[in-house]
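Peer 1: Mind folding the following:
(chains A and B)
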Amino acid sequence: MSITRTEQELRRREERAALEEAGIEAYPHSWEVTARSATILETFDDEQHQPDEETGEARYRVSIAGRMMSRRIMGKASFFHLQDSEGQIQVYVRRDDLPEGFYNTVFKRLLDIGDIVGVEGYVFRTRMGEISVHAERLVLLAKALRPLPVVKEQDGQVYNEVTDKEFRYRQRYVDLVVNPKVRETFRQRAKLISGIRSFLDERGYLEVETPALQPIYGGAAARPFTTHHNALDMPLFLRIADELYLKRLVVGGFDGVYEIAKDFRNEGLSRFHNPEFTMMELYVAYREYGWMMDLVEEMVEHVATLLHGKPEVQYGEHTISFKRPWKRVPIFEAIRKRTGHDLYGLPREDLARIGKDLGLEIDSSMGSGKIIDEIFGEFVEPNLIQPTFITDYPVELSPLAKRHRSTPGLVERFEAIVGGKEICNAFSELNDPDDQRSRFEAQDRLHAAGDDEAMAIDEDYLRALEYGMPPTAGLGVGIDRLTMLMTNSASIRDVILFPLLRPEKTESEESTSDESVGDS
RNA sequence: GAUCCCGUAGCUCAGCUGGCAGAGCAUCUGACUUUUAAUCAGAGGGUCCCAGGUUCGAGCCCUGGCGGGAUCACCA
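Peer 2: Below you'll find the model as predicted:
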């Protein structure tokens, strides 16, 4: 099996060999970093850091490391930009400052854009005004054997920007190197998650971990991934939600528990759906959904401010304000305002007729809850740009939510809709074990009727409820969707480092699959 | 799963009505000791996604496939 290499790859392998022949390690073990690019640029002071007038000694010495991103060779002196975790800084290299022969044979011939190097030297400002590091020592720290796409920039104009989405998602490491915005997005994501975590920790809620491998999946309407445990010879499901386990913990006496974890749903891919995604779920004892709305407002306003310095973000053409309070609209009222139809209490036949009148395709398998959800999703949700709580859903859509305290047929549930998309789902949790059993049974009938997203009966969960669960408010926040909003990202793939893609065909796979054609 | 769009050098992209595969950057050779999309002179680099078909001739037209994107469906 021969690997075909490009001319530039071959070239770099020859350079590596030449380096090693010259006694220069292509992959040394470490480098002492004393400073990073952005910090140097911030802290350099023209007056304070002039060389000592008497001794000529430099005042601001640094040892930096990073990737060589560009190079301008001008005979016996050169400039290059070094990129580290903070950004980029220019390095100035002179032949006569480096060991005999190093500049001409190593720097100019054997190093390339993309190589990782260490530089020791002093900080100064060039004639053109750019704060730079004057190299007195230059060391190769890791040789790049593949050419790095060279992206150039001037006055905010980016040239040869790497835009190919497939390339960017498959080789995210390259995307991260060459697209600063991508690094920033994932820093924002980390900040958002840590912001939520500390917000919840400060309020005394306990962060826990519950099984990702579950014998019975539940807590959401979704198709699961299935797998198998060999030693126990049993089927297992990857969790679609943490909900039922977290509520078991509330039964166990934890008053507030939360988990930030991956859920897995065996469904289609889209710019809003990745098969594994991150969810934050929170359950607080003795509280109900109105209280939870207050908490969500406060938490999201808090993280928006944490990320942007103010509770406002730009999302596409919209400026979204997360400033409290958000609008709160019961779902039937929201539908009535948009469509003119009051759907509350209508029998299924009437709902189906109205749905059809509105131009929706309604088939016989859809229950009344489903039809209401369709009408809402089609006519209301996309128009809710500013944060809005939609409340009081029909009971048949929400098998785990507690019945509404005053309106029959509804549950105490809300979703927060922002930018036309749901960012969270919450309710007063159903804690009546008998009601829960009958809701599970209704789900089970749906399942038997062919709805493969309906929940199964979880006997152990019912047993837990029978021991008594306090009144509880529960919340689920889609971290990926929230990150999309906070980072102005159009696709979930832009906020997930390694989104699922079809497997890439390598040369060896192609040839083996060719061979296996004869076998099968 | 359906529809539409895309796939050309390491990267970004041209490629006319079907007529010798191109540019910039990157790479290589040479010049240049404060440049900055460095500059100047020269050179090399291609499975035009894959497989068929039409044609004297296919990057271009046709069929099928693969991969990606967008929209829809599905779905929180």
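
Peer 1: if you look at the top helix by length along chain A, does any of it touch RNA strand B?
Peer 2: Using DSSP state H to define each element, chain A has its longest helix at helix A:180-202. No. In terms of Cβ under 7 Å from any atom of the strand, no part of helix A:180-202 sits within range of RNA strand B; the closest distance is 13.5 Å. Yep, even glycine has a C-beta here, placed from its N, CA and C like the rest.

Peer 1: now stretch A:106-115
Peer 2: Yes. Counting by Cβ under 7 Å from any atom of the strand, RNA strand B is contacted by stretch A:106-115 at A:109, A:112, A:113.

Peer 1: Compare the residues you listed and tell me which is most surrounded.
Peer 2: residue A:112 (18 neighbours; other Cβ atoms under 10 Å).

Peer 1: tally of neighbours for the residue lying closest to residue A:393 once chain neighbours are set aside?
Peer 2: Closest residue to residue A:393 apart from its sequence neighbours, by Cβ to Cβ, 6 or more residues apart in numbering: residue A:413 at 4.5 Å. Per other Cβ under 10 Å, the neighbour tally for residue A:413 reads 24.

Peer 1: Please state the backbone phi and psi of residue A:413?
Peer 2: For residue A:413, the backbone dihedrals (degrees, to the nearest 10) come out as phi -140, psi 150.

Peer 1: cool, and residue A:480?
Peer 2: Residue torsions, per degrees, to the nearest 10, at residue A:480 are phi -70, psi -40.

Peer 1: any idea how far it is from residue A:497?
Peer 2: Applying Cβ to Cβ, to the nearest Å, the value for residue A:480 to residue A:497 is 11 Å.

Peer 1: Likewise for residue A:487?
Peer 2: Relative to residue A:497, and taking Cβ to Cβ, residue A:487 is found at 13 Å.

Peer 1: Neighbour count for the two, which is higher?
Peer 2: More neighbours surround residue A:487 than the other of residue A:487 and residue A:497, with 21 against 14 (other Cβ under 10 Å).

Peer 1: circling back: between the residues of stretch A:106-115 next to RNA strand B, which sits nearest residue A:397?
Peer 2: residue A:113 (55.6 Å; Cβ to Cβ).

Peer 1: contacting residues for that closest one?
Peer 2: Counting by Cβ atoms under 8 Å, 6 or more residues apart in numbering, residue A:113 touches A:68, A:69, A:70, A:71, A:147, A:148, A:150.

Peer 1: Taking the stretch 301-450 of chain A, what residue is nearest to RNA strand B?
Peer 2: Using Cβ to the nearest atom of the strand, the closest approach of the stretch 301-450 of chain A to RNA strand B is made by residue A:425 at 4.1 Å.

Peer 1: Break chain A down into its structural domains.
Peer 2: Domains of chain A are assigned by automatic domain parsing as A:7-148, A:153-178, A:181-326+A:386-494.

Peer 1: Enumerate the positions of the shortest one that are buried.
Peer 2: Residues of domain A:153-178 classed as buried by neighbour count (16 or more other Cβ atoms under 10 Å): A:162, A:168, A:169, A:170, A:171, A:172, A:174, A:175, A:177, A:178.

Peer 1: Pretty sure the last one sits against residue A:149.
Peer 2: Yes. In this structure, residue A:178 sits in contact with residue A:149. The criterion is Cβ atoms under 8 Å, and the distance is 5.5 Å.

Peer 1: follow-up on the earlier one: what strands flank the following helix or strand past the longest helix of chain A, and is each parallel or antiparallel?
Peer 2: Downstream of helix A:180-202, the next assigned helix or strand under DSSP states H and E is strand A:206-207. Strands that pair with strand A:206-207, judged by DSSP bridges, come out as strand A:256-264 (parallel).

Peer 1: any idea how far the strand it pairs with is from the chain center?
Peer 2: Centre-to-centre, strand A:256-264 and its host chain are 15 Å apart (Cα atoms, centre = their mean, to the nearest Å).

Peer 1: now swap in stretch A:31-51 and tell me
Peer 2: Centroid separation for stretch A:31-51 versus its chain: 33 Å, with Cα atoms, centre = their mean.

Peer 1: Report the buried residues of that stretch.
Peer 2: Per 16+ other Cβ under 10 Å, stretch A:31-51 contains these buried residues: A:31, A:35, A:36, A:37, A:40, A:41, A:44, A:49.

Peer 1: Which of those residues scores worst on pLDDT?
Peer 2: The member of those with the lowest pLDDT is residue A:49, at 86.

Peer 1: That one: what secondary structure?
Peer 2: At residue A:49, secondary structure determined by DSSP: H, G, I helix; E, B strand; the rest coil is coil.

Peer 1: quick one, what contacts it?
Peer 2: The contact partners of residue A:49, taken as Cβ under 8 Å, 6+ apart, are A:59, A:60, A:123, A:124.

Peer 1: which one of those residues is nearest residue A:296?
Peer 2: residue A:123 (46.8 Å).

Peer 1: quick one: contacts of stretch A:328-336?
Peer 2: A:293, A:337, A:341-344, A:372, A:375-376, A:379-380, A:384, A:388-394, A:414.

Peer 1: same thing but 10 Å
Peer 2: Applying Cβ atoms under 10 Å, 6 or more residues apart in numbering, the contact partners of stretch A:328-336 are A:290, A:293, A:297, A:327, A:337, A:341-346, A:354, A:372-373, A:375-376, A:379-381, A:383-384, A:388-394, A:397, A:404, A:407, A:410, A:413-417.

Peer 1: Considering only these, which also neighbour RNA strand B?
Peer 2: Near RNA strand B, by the rule Cβ under 7 Å from any atom of the strand, you find A:373, A:415 out of the contacts of stretch A:328-336.

Peer 1: Would you map the strands across the stretch 201-350 of chain A?
Peer 2: A:206-207, A:213-214, A:226-229, A:234-238, A:256-264, A:276-285, A:312-315, A:318-321, A:327-330 (DSSP state E, counting those that start in this stretch).

Peer 1: now those as a markdown table including distance to residue A:248, mean neighbour count and mean pLDDT?
Peer 2: Formatted as a markdown table, these follow (distance: least, Cβ to Cβ, whole Å; neighbours: other Cβ atoms under 10 Å; pLDDT from 0 to 100):
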| stretch | distance to residue A:248 | mean neighbour count | mean pLDDT |
| --- | --- | --- | --- |
| strand A:206-207 | 14 | 12 | 98 |
| strand A:213-214 | 12 | 16 | 94 |
| strand A:226-229 | 21 | 10 | 92 |
| strand A:234-238 | 17 | 16 | 93 |
| strand A:256-264 | 10 | 20 | 96 |
| strand A:276-285 | 10 | 23 | 96 |
| strand A:312-315 | 36 | 16 | 93 |
| strand A:318-321 | 36 | 15 | 94 |
| strand A:327-330 | 30 | 16 | 95 |
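
Peer 1: Might one say that residue A:425 is in contact with residue A:416?
Peer 2: Yes. The pair residue A:425 and residue A:416 qualifies as a contact (Cβ atoms under 10 Å) at a distance of 8.3 Å.

Peer 1: I'd like the C-alpha coordinates of the biggest strand by length in chain A written as PDB, please.
Peer 2: In chain A, assigned by DSSP state E, the strand with the most residues is strand A:61-74. Only the C-alpha atoms of strand A:61-74 are listed here, as PDB (Å, rounded to 0.1, in the frame of the first residue of the first chain):
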ATOM      1  CA  ARG A  61      13.300  39.600  27.000                       C
ATOM      2  CA  VAL A  62      10.900  36.800  26.100                       C
ATOM      3  CA  SER A  63      10.800  33.200  25.100                       C
ATOM      4  CA  ILE A  64       7.900  32.400  22.900                       C
ATOM      5  CA  ALA A  65       6.700  29.400  20.900                       C
ATOM      6  CA  GLY A  66       4.200  28.800  18.200                       C
ATOM      7  CA  ARG A  67       3.600  28.200  14.500                       C
ATOM      8  CA  MET A  68       5.300  30.000  11.700                       C
ATOM      9  CA  MET A  69       2.400  31.500   9.700                       C
ATOM     10  CA  SER A  70       4.100  33.700   7.200                       C
ATOM     11  CA  ARG A  71       7.600  34.600   6.200                       C
ATOM     12  CA  ARG A  72       9.300  37.600   4.500                       C
ATOM     13  CA  ILE A  73      12.900  36.900   3.600                       C
ATOM     14  CA  MET A  74      15.000  39.900   2.700                       C
END
